[in-house]
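>>> below: sequence and its predicted model.
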Amino acid sequence: MRGLAIISIALSMAASILGLLVLFAGRKNGFLSDTYIIKVDTTNLTLNTSNTGNSVLDNILNSATPGTVNTTAERLGLRDFYKVFVMNFCEGDRDSNNKQISNCTKQKGMFTFNPVSTFNNQLLQGVKLQDLGVKTLELENDIKVLNVAYKTMFVTYCGGIAAAGVIMILGALGFFGGRLIECANMMFAVISFLFLGIASGIGTAAGFKICDAINHEMGKIGIRASHSKMYLGMTWAPVTCMLILTFLWCGACLSRGKDKTHHKDAGKRKSGGHKSDRAKRSWRKRKH
């Protein structure tokens, strides 16, 4: 039992720390900047050089220097990249040394990201995404559906991390044994596993779906979205920890239950044997 308690504390602590790191990634410039759910890159933004019907766009295209990297995006007011995390997003540009200079928004719970409104707010006055050839209505409909799931993801992350924290406390109590402690550990391990699993599943699915939606609608003008392998690794590792703990504590509860049943059966057999011996002695006395 002592060994199981130590393993429980270690795995639940690892799950809590990793979960918190995923939750607070992007809190400030450079903090786990590669643990994003999606990244939108505008460095290859290109526009049709024919007359767009928008005077602002026509002036930008006519004055653009051929071969200059990201001239169009920069002139339009867009940043080189946008990284979306669980509770905020960061934006930045690359300098001549290809270093990323980021500006991160303030983190908040139930955060959602809408690339259409973000880009429209940053584009030069008089220019909208529709003017660039993007079908924003279809993109916004996809994003709205995914944003509901995004909010659920935040809630389940918090629930899973909290349950893992409770297991750390119960794991310490596990040194003293007791089936009640074992069952409580198993229950919170299951809760944490389910919550973290749901959060990770939503984050993974939403990341891929948002990337697909952005690439489908904005890919035609060179804006591309991608997901992070680091995020996938860090969000699924706590789920694995909780799955292992669920099996371990479930096994501990079941084995203790079997031990109790075995002891009861042994006691009954022993008690039955004593009664049989007494009956035999009584019969012998009556016979004599």
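Alright, I've got the coordinates.
>>> the stretch 1-150 of the chain: strands as residue ranges?
38-41, 81-84, 89-94, 100-104 (DSSP state E, counting those that start in this stretch).
>>> just give me the residue right at the centre of this structure.
Centroid check for the chain by Cα atoms, centre = their mean gives Ser200 as the closest residue, at 3.7 Å.
>>> can you list the buried residues in whichever strand or helix holds that one?
Following DSSP states H and E, one finds Ser200 within helix 179-218. Neighbour counts using 16 or more other Cβ atoms under 10 Å place 181-204, 206-207, 209-211, 213-214, 217-218 of helix 179-218 among the buried residues. For every residue, glycine as well, the C-beta is placed using N, CA and C.
>>> which secondary structure elements does it sit against?
If you count contacts as 3 or more Cβ pairs under 8 Å, 6 or more residues apart in numbering; DSSP states H and E, helix 179-218 packs onto helix 2-24, strand 38-41, helix 136-173, strand 224-226, helix 229-287.
>>> if we can go back for a sec, without its sequence neighbours, what residue ends up closest to the residue nearest to the centre of the chain?
Thr235 (4.3 Å; Cβ to Cβ, 6 or more residues apart in numbering).
>>> mind listing what's buried in stretch 241-251?
The neighbour-count check on stretch 241-251 (16+ other Cβ under 10 Å) flags Cys241, Met242, Leu243, Ile244, Leu245, Thr246, Leu248, Trp249, Cys250 as buried.
>>> make a markdown table out of those and add pLDDT and distance to Ile38.
Putting the buried residues of stretch 241-251 into a markdown table (pLDDT from 0 to 100; distance: Cβ to Cβ, whole Å) gives the following:
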| residue | pLDDT | distance to Ile38 |
| --- | --- | --- |
| Cys241 | 94 | 25 |
| Met242 | 95 | 25 |
| Leu243 | 95 | 26 |
| Ile244 | 94 | 29 |
| Leu245 | 92 | 30 |
| Thr246 | 92 | 30 |
| Leu248 | 89 | 35 |
| Trp249 | 85 | 36 |
| Cys250 | 86 | 36 |
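>>> which of those sit farthest apart?
Cys241 and Cys250 (14.9 Å; Cβ to Cβ).
>>> for the stretch 151-288 of the chain, which spans come out with low pLDDT?
In the predicted model, the stretch 151-288 of the chain carries pLDDT under 70 at residues 174, 177, 256-288.
>>> as JSON lines, the strands of the stretch 1-150 of the chain with mean pLDDT, distance to Ile169 and mean neighbour count would be great.
As requested, the strands of the stretch 1-150 of the chain are exported to JSON lines (pLDDT from 0 to 100; distance: least, Cβ to Cβ, whole Å; neighbours: other Cβ atoms under 10 Å):
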{"stretch": "strand 38-41", "mean pLDDT": "92", "distance to Ile169": "35", "mean neighbour count": "22"}
{"stretch": "strand 81-84", "mean pLDDT": "91", "distance to Ile169": "34", "mean neighbour count": "23"}
{"stretch": "strand 89-94", "mean pLDDT": "86", "distance to Ile169": "34", "mean neighbour count": "20"}
{"stretch": "strand 100-104", "mean pLDDT": "78", "distance to Ile169": "33", "mean neighbour count": "15"}
